[in-house]
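*Asks:* Sequence plus predicted model, see below.
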Amino acid sequence: MKPTTDTDRRTRTMRTVTVLMTLAALLSLAGALAQTSDDSPGQVHVLDVNGAIGPATRDYVIRGIDQAEAQQARLVVLRMDTPGGLDASMRDMIKRMLNAEVPVATWVGPPGARAASAGTYMLYASHVAAMAPSTNLGAATPVQIGGGGEQDEGPGTPAERAREFLDGDEAAEDAAAEGDGHAQNGAQDGGEQPQGSEPAPADAASRKAIEDAVAYIRGLAERHDRNADWAERAVREAVSLTASEALEMNVIDRISPDIPSLLESIDGREVRMASGPLVLAVSGARIVDKEPDWRNRFLAVLTNPTLAYILLMIGIYGLILEGYNPGALVPGVIGGICLLMALYAFQILPVNYAGLALMLLGFALIAVELFVPSLGILGIGGVVAVVIGSIILMDNDIPGLAINTGLIAAMGLASALVFLAIVYLAARSHRKPRVSGTEALMGQHAEVIGGFEDGRGRVHLEGEDWIATGPAGLERGQRVEVVAIDGLTLRVRLIDAQGEKA
């Protein structure tokens, strides 16, 4: 057999590298072709708005509209089924929709879906508003969150904010001014209110939020020539409509059982964009579902109130265990990571900071119980503070943003068990005799490791080797008991196999 030379080996290596590079180039070309085919102009991009509207939904929708503009899509369809959500996230999405270069249609579906609360505002803000049969919308009354404090409304009246938000549109300004007139009339004693409307809320913060929402949604309705009076009732009275009623009252533009039929029905329709009128040409367009990327999915999971609550509990308990056992590292590392992730989630969730402060105080009291003799008062107070803080941590009036009560009960029980364990360990340590220094060695058992032919040898005790005196003839491995201490020398006696002293 001919021996393999260095030249042959180099040749084979170069061939292998060439084949791998060619294969990589072909895969890259195929991916580019697939991307080009998938992102070709003239498509209709479909984004799913499911569940409570929050920071993850906001990020997903805004990025989806940005991508649709970059790929010159003909239309963005928001397939919606939501109970509502956070006002700040909703307003950010609406602002992006109103100023988008690509028209946005909202379709409430499939049958059985709803566009409640924040979803109603988004439906009104869309260039095309559509619903599937057996769906509903409405109940758009804003709910104050964050412990009852006033919302940061920024400068100007609600009407002025609506005008600024709608980018200077004159028709929208007229609607906003009309909404401001309703606000002023409703605030005066004996002033006229819309027919069937309820009295204005008693507290100033709620009244301001209601009037702001009324002006806001009336401006959106006027921009797209939809029923502004019913929109105001949805805010003031939390009324709702079915799909057929919404179409009859000019709240929506179409009823369509699915997205393809929606595209057929709105083809050729003129919509009002920020840059001017635009005629839709979407009949037969390719429909592309845009799924959330890993960043959106991670944000959606992280901002789940239940998960954020669990991360907070793990983080604090991890730090407590690290404090009890310095150098353990694992509890401290895991606890620190979980605590930082929980605090990030709470930063963008509607958290009641009084509840969060109560929880932190409760954990601090439980931790201090081990070091301060309080007959259990600190620990019991800590458990109570943790439970109450957990209950009020999230505002339960916000749809989809509440913590499971069963989880709160389980965490409260876990806190109580931790407190009882601390009390038990503290009581056991107090029952032990307090000895220190060499006196602590009295009565301890040691193991003979050498010598004792003449009554003097060495023993192993608590990880250390000691010089000891005792009966002559003790053998290696025998167990002895310390009976006296003379300087650095132990006096021991033999313990037989049955544990009796010789």
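*Replies:* Nice, I can see it.
*Asks:* so where's the stretch 201-350 of the chain uncertain?
*Replies:* Counting by pLDDT under 70, the stretch 201-350 of the chain has low-confidence residues at 201-202, 348.
*Asks:* Break down it into its strands, ranges please.
*Replies:* Using DSSP state E, counting those that start in this stretch, the strands of the stretch 201-350 of the chain run over 240-242, 254-255, 270-273, 276-279, 287-289.
*Asks:* what does stretch 246-261 contact?
*Replies:* 44, 46, 77, 79, 107, 109-111, 123-124, 128-133, 137, 225-227, 230-231, 241, 243-245, 262, 265-266, 269, 287 (Cβ atoms under 8 Å, 6 or more residues apart in numbering). Bear in mind the C-beta positions are built from the backbone N, C-alpha and C, glycine included.
*Asks:* Recalculate using a threshold of 7 Å.
*Replies:* 46, 77, 107, 123, 128-133, 137, 226-227, 230, 241, 243-244, 262, 265-266, 287 (Cβ atoms under 7 Å, 6 or more residues apart in numbering).
*Asks:* same question, stretch 53-73
*Replies:* 39, 41, 43-45, 47, 49, 76, 78, 82, 84-86, 89-90, 92-93, 96, 100-102, 104, 118, 290, 292, 296, 299-300, 303, 348.
*Asks:* out of those residues, which are buried?
*Replies:* Buried by 16 or more other Cβ atoms under 10 Å: 39, 43-45, 47, 49, 76, 78, 82, 84-86, 89-90, 92-93, 96, 100, 102, 104, 118, 290, 292, 296, 299-300, 303, 348, out of the contacts of stretch 53-73.
*Asks:* who's in contact with S415?
*Replies:* Contacts of S415 by Cβ under 7 Å, 6+ apart are I366, V383, V386.
*Asks:* Let me see the backbone angles for the second one.
*Replies:* It stands for V383. phi -60, psi -40 (degrees, to the nearest 10).
*Asks:* from memory it sits against V418, does it?
*Replies:* No - contact criterion Cβ atoms under 7 Å: V383 and V418 do not qualify, at 8.7 Å.
*Asks:* ok so, going back, buried members of the contacts of stretch 246-261 into PyMOL, please.
*Replies:* Command for PyMOL, covering only those of those found buried under the criterion 16+ other Cβ under 10 Å:
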select buried, resi 46+77+107+123+128+129+130+131+132+137+226+227+230+241+243+262+265+266
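*Asks:* Filter the contacts of stretch 246-261 down to the ones in helices?
*Replies:* Filtering the contacts of stretch 246-261 for membership in helices, criterion DSSP state H, returns L123, W230, A243, S244, L262, S265, I266.
*Asks:* Wait, the last one touches L280, no?
*Replies:* Spelled out, it's I266. Yes - using Cβ under 7 Å, I266 is in contact with L280, at 5.6 Å.
*Asks:* Send over the helix or strand hosting Y121 as PDB, restricted to the C-alpha atoms.
*Replies:* Per DSSP states H and E: Y121 is located in helix 118-125. Presented in PDB, the C-alpha positions along helix 118-125 are these (Å, rounded to 0.1, in the frame of the first residue of the first chain):
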ATOM      1  CA  ALA A 118     -58.100  48.900  25.200                       C
ATOM      2  CA  GLY A 119     -59.000  46.800  22.200                       C
ATOM      3  CA  THR A 120     -62.000  49.100  21.500                       C
ATOM      4  CA  TYR A 121     -59.600  52.100  21.300                       C
ATOM      5  CA  MET A 122     -57.400  50.200  18.900                       C
ATOM      6  CA  LEU A 123     -60.300  49.200  16.800                       C
ATOM      7  CA  TYR A 124     -61.400  52.900  16.500                       C
ATOM      8  CA  ALA A 125     -57.800  53.900  15.600                       C
END
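*Asks:* Is it possible to get the strands of the stretch 201-350 of the chain out as CSV so that each row also shows distance to L360?
*Replies:* Shown next, in CSV, are the strands of the stretch 201-350 of the chain (distance: least, Cβ to Cβ, whole Å):
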stretch, distance to L360
strand 240-242, 40
strand 254-255, 51
strand 270-273, 49
strand 276-279, 53
strand 287-289, 43
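*Asks:* From R63, how far off is the residue positioned nearest the centre of the chain?
*Replies:* Nearest to the mean C-alpha position of the chain, counting by Cα atoms, centre = their mean, stands T303 at 1.1 Å. Per Cβ to Cβ, to the nearest Å, T303 is found 16 Å from R63.
*Asks:* Please apply the same query to A56.
*Replies:* 11 Å.
*Asks:* swap in A132?
*Replies:* Counting by Cβ to Cβ - A132 and R63 are separated by 26 Å.
*Asks:* What of A357?
*Replies:* From A357 to R63 the distance is 35 Å (Cβ to Cβ).
*Asks:* can you map out the helices along the stretch 301-450 of the chain?
*Replies:* Taking DSSP state H, counting those that start in this stretch as the test, the helices found in the stretch 301-450 of the chain are 305-324, 330-347, 353-368, 377-393, 405-431.
*Asks:* Done for today, thanks.
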